[in-house]
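**Student:** I would like to see how this sequence folds:
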Amino acid sequence: MEAERLLYMFAMILPAFGLARLVWERKLEVSRKAVTGTNAFSSTVLGGIVGTGALWKLTGSYIYAAVYAAIIVVCYGVICVVVKKKEYPEEERFTKEE
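**Tutor:** You can find the predicted model right below:
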């Protein structure tokens, strides 16, 4: 039983990895050729779904799970507004690396 609780608690921190990746992608100092915002978004969404399900299973309350999901969405939006995206010229962004 205790191992199951620890597993659920670990699952609840999964969205933090997606949010950290979002910050890293937006502040990236090198070319963004292979890095897109989709990776951070999908990591955050997948982690949010797993974490929300884990919280629902752990507490038995869908209200806590809904609030948890809303907090993840708000954190993602705040990061997108606060952390300025590093922009690159078109020719540098889409050139093939040899």
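
**Student:** List the buried residues of the longest helix along the chain.
**Tutor:** Across the chain, the longest stretch assigned as helix under DSSP state H is helix 37-59. Neighbour-count burial for helix 37-59, counted by 16 or more other C-beta atoms under 10 Å, picks out 40-41, 43-44, 47-48, 50-52, 54-56, 58. Quick note: C-beta positions are derived from backbone N, CA and C, even for glycine.

**Student:** now those in a markdown table, with distance to residue 2 and pLDDT?
**Tutor:** A markdown table is the format used below for the buried residues of helix 37-59 (distance: C-beta to C-beta, whole Å; pLDDT from 0 to 100):
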| residue | distance to residue 2 | pLDDT |
| --- | --- | --- |
| 40 | 33 | 77 |
| 41 | 34 | 79 |
| 43 | 28 | 80 |
| 44 | 28 | 85 |
| 47 | 23 | 86 |
| 48 | 25 | 88 |
| 50 | 20 | 89 |
| 51 | 19 | 88 |
| 52 | 22 | 90 |
| 54 | 15 | 88 |
| 55 | 17 | 87 |
| 56 | 19 | 88 |
| 58 | 12 | 87 |
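
**Student:** Surely residue 56 touches residue 64?
**Tutor:** Yes: with contact defined as C-beta atoms under 8 Å, residue 56 counts as touching residue 64 (7.4 Å).

**Student:** about what we covered before: as CSV, the buried residues of helix 37-59 with distance to residue 28 would be great.
**Tutor:** Below are the buried residues of helix 37-59 laid out as CSV (distance: C-beta to C-beta, whole Å):
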residue, distance to residue 28
40, 11
41, 15
43, 15
44, 17
47, 20
48, 23
50, 26
51, 25
52, 28
54, 30
55, 31
56, 34
58, 35
